[in-house]
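Novice: sequence plus predicted model, see below.
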Amino acid sequence: MGHSLVQEFITKDYQASVQMVLDQALKGKETANFEFPLMTKAGIRLDVLLNATTRRDEQGNVIGVVGIGQDITGRIAQEREYAKLIDTANAPIFGVDNKGQVNVWNQCAMKLVG
């Protein structure tokens, strides 16, 4: 309490974008599913998924922002591990989006088709 969220707990490379999300919420524009790193008091980096909503009093005046964050550090680590497994598999693996465009291509597939 009483500390600057952006200046004290957000990495420098994300301070401007987090501040923008908070500023937008203060103007009544909500933001959903914004990902950013948060530094704990112990100096540990956590990846957070944030939803920022305008906070209003009984008369409808803006009095702040309500931020609901979810620690997604573990999920991101699992996604990276999954991507590494796909990329190093001994079988060609590829993914195609809903327009038929290749969006995943592992090393084995690349060796086969160039």
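Specialist: Noted; the coordinates are in hand.

Novice: in the longest strand anywhere in the chain, which residues are buried?
Specialist: Longest among the strand segments of the chain by residue count, using DSSP state E, is strand 45-56. Neighbour-count burial for strand 45-56, with 16 or more other CB atoms under 10 Å as criterion, is recorded at Leu46, Asp47, Val48, Leu49, Leu50, Asn51, Ala52, Thr53, Thr54. (Glycine included, C-beta is placed from N, CA and C.)

Novice: return the member of these nearest to Ala77.
Specialist: Distances from Ala77 to those, taken as CB to CB, are shortest for Asp47 (8.7 Å).

Novice: contacting residues around Ala25?
Specialist: Listed by CB atoms under 8 Å, 6 or more residues apart in numbering, the contact partners of Ala25 are Thr31, Ala52, Thr53, Thr54, Val65, Gly67.

Novice: now the residue nearest to the fifth one when sequence neighbours are not counted: which helix or strand?
Specialist: Closest residue to Val65 apart from its sequence neighbours, by CB to CB, 6 or more residues apart in numbering: Ala25 at 4.3 Å. When secondary structure is defined using DSSP states H and E, the element that contains Ala25 is helix 12-26.

Novice: same deal with Pro37?
Specialist: strand 31-39.

Novice: which outside residues touch that strand?
Specialist: With CB under 8 Å, 6+ apart, strand 31-39 has contacts from 9-11, 14, 17-18, 21, 24-25, 45-52, 69, 72.

Novice: helix 12-26 and that strand, what's the angle between them?
Specialist: 140 degrees (axes from the mean of the first three to the mean of the last three CA atoms, to 10 degrees).

Novice: I'm done for today, thanks for sticking with me.
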